[in-house]
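> Here's a sequence, model it:
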Amino acid sequence: MSNCKSLTLIYLSNNPLDGILPKTSVGNLSHSLEDFRMYNCNISGGIPEEISNLTNSTIVNLGGNKLNGSIPITLSKLQKLQGLGLEDNKLEGSIPDDICHLAELYRLDLDGNKLSGSLPACFSNLTSLRIVSLGSNKLTSVPLTFWNLKDILNLNFSSNFLTSPLPLEIGNLKVLIGIDFSMNNFSGVIPTEIGGLKNLEYLFLGYNRLQGSIPDSFGDLISLKFLNLSNNNLSGAIPASLEKLSYLENLNLSFNKLEGEIPRGGSFGNFSAESFEGNELLCGSPNLQVPPCKTSIHHTSWKNSLLLRIVLPLSTTFMIVVILLILRYQQRGKRPSNDANMPLVATWRTFSYLELFRATDEFSENNLIGKGGFGSVYKARLGDRMEVAVKVFNLQCGRAFESFDVECEMMKNIRHRNLIK
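Numbers count the residues shown, from 1 in each chain. Coordinates of the predicted model:
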């Protein structure tokens, strides 16, 4: 082939060629060669430095072989190179700074090797770069300058040894379609800035050491289809904002420390128990294999109770009506016989909301007598040990006022010694 001076394409992929890449053969290939592909050919040995002679090449793909050694610095002479594929080999050492001279590089595939160290700081010079795949290596850090590459579309740093918190600057990559940072040692909280990546379709952050809550801003990821945050230390509730993600097909929040009710709206009806397993404090639908959520007022916080005491009486969001007033007999047995058939007379009293709130033990379910469509009835013991029944109307029901009027009208026409008119 070295005699084919006008050869522009060599495509030998998926052939069991075995052997090595001879230095002389590669060096003597046509300078007109634009596309050199020998993917998955069982080639071993190192990458010859003479590959630098392919100065007219736009694509070099030697992935899926058994190449070892380091990435030759002579690759920097391939000034027209747009795609470099060296994935799934046995390459070692660091990524050379010389790659930063490939100004037209669009795609870089180096995943599945044994590359180590930090990503070169000069990567920020590769402004044509759109696809970066560096997964399954031994990389330890990414320089902050990397996040200046605002036109990157796909980013794969999975299965490395990357540490430190996720940078806030990741929010600069507005056109990102995919992020895979899974299986690293990232720590700290998830930046809320990720919520600004409107084009993001998949986000994989599983198997890290991330903490804190899931950002509510994730509800703004309107293009998101796949979200994996599994096997971290995330806590707090699952944001209800995720219900807005109408394109979400796959969700994995398993094995974290999430708590509270699992949202029911949006795509959540399509997810199985596997999406939420390993979060002992989650509750929700039985088909998700989590316990039902508790709705008892005992679980209402003191802050909410204080809010109820202040806001509800002022806004008249519900009314309390004393229906039955059980009076104690005064001086029982000492009444004159001619008064035996006389009706008892009680003095009308008013009650503050706070008094009834305490008398019902904060409207505890232990004091619940009955419950209907328009409200609930509680037993209350007043400060003077008088027992009364208290009805709490539910004003969220549109007919609550009508029910109140009907009951008052009914009580007005009933004669009973324990009723006041």
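
> contacts, neighbours, all on C-alpha from now
OK.

> From L134, how far out is S70?
According to CA to CA, to the nearest Å, S70 and L134 sit 15 Å apart.

> Where does pLDDT dip in this protein?
Within the chain, the stretches falling below the threshold (pLDDT under 70) are 1-6, 24-25, 27-28, 30, 295-351, 354, 373-374, 393-421.

> and P167, what does it touch?
L144, P191 (CA atoms under 8 Å, 6 or more residues apart in numbering).

> Neighbour count for S70 and L134, which is higher?
Here S70 and L134 are compared on neighbour count by other CA atoms under 10 Å; more neighbours surround L134, at 23 against 17.

> N184 reaches S164, doesn't it?
No. N184 sits out of contact with S164 when judged by CA atoms under 8 Å, with a separation of 10.0 Å.

> the more surrounded of these two?
Neighbour totals were compared for N184 and S164, and N184 leads with 23 against 15 (other CA under 10 Å).

> Enumerate every residue touching the more buried one.
S158, S159, N160, F161, L162, T163, Y207, N208.

> And for the first one, the neighbour number?
Under the neighbour criterion other CA under 10 Å, S158 is assigned a count of 24.

> ok, now E387?
Using other CA under 10 Å, E387 has 17 neighbouring residues.

> Which residue lies closest in space to it, excluding its sequence neighbours?
With CA to CA, 6 or more residues apart in numbering as the criterion, E387 has its nearest non-adjacent residue at 4.5 Å, and that residue is R381.

> Domain boundaries for this structure, per the record?
When the chain is parsed with automatic domain parsing, its domains come out as 9-288, 300-412.

> quick one: which of the ones you listed is nearest K294?
For the domains of the chain, proximity to K294 was assessed by CA to CA; domain 9-288 is nearest, at 8.4 Å.

> Quick one: end-to-end distance for the closest one.
From start residue to end residue, domain 9-288 stretches across 55 Å - CA to CA.

> same deal with stretch 278-292?
Terminal residues of stretch 278-292 are spaced 16 Å apart (CA to CA).

> Next, the buried residues of it.
G278, N279, L281, L282, C283, G284, S285, L288, V290 (16 or more other CA atoms under 10 Å).

> With stretch 213-222 instead?
Using 16+ other CA under 10 Å, the residues of stretch 213-222 that count as buried are S213, I214, P215, S217, F218, G219, D220, L221, I222.

> so who does the first one touch?
So that's S213. Taking CA under 8 Å, 6+ apart as the definition of contact, the neighbours of S213 are V189, I190, L234, S235, G236, A237.

> Which single one of those is nearest to G178?
G178 lies nearest to I190 out of the contacts of S213, by CA to CA, at 16.1 Å.

> how deep is that closest one tucked in, by neighbour count?
Residues near I190, counting by other CA under 10 Å, number 20.

> thinking it is in contact with I214, fair?
Yes. Because the distance of 7.0 Å satisfies CA under 8 Å, I190 is recorded as touching I214.

> Can you pull the residues that touch both of those two?
In the contact map built from CA under 8 Å, 6+ apart, no residue is linked to both I190 and I214.

> re the thing from before, among the buried residues of stretch 278-292, name the ones in strands.
Using DSSP state E, L281, L282, C283 are the members of the buried residues of stretch 278-292 that sit in strands.

> Quick check: the first one touching S254?
Just to be clear, that refers to L281. No. Using CA under 8 Å, L281 makes no contact with S254, being 12.0 Å away.

> Tell me how far the residue lying closest to G112 once chain neighbours are set aside lies from L200.
Excluding its sequence neighbours, the residue lying closest to G112 (CA to CA, 6+ apart) is D88, at 4.3 Å. D88 sits 26 Å away from L200 when distances are taken as CA to CA.
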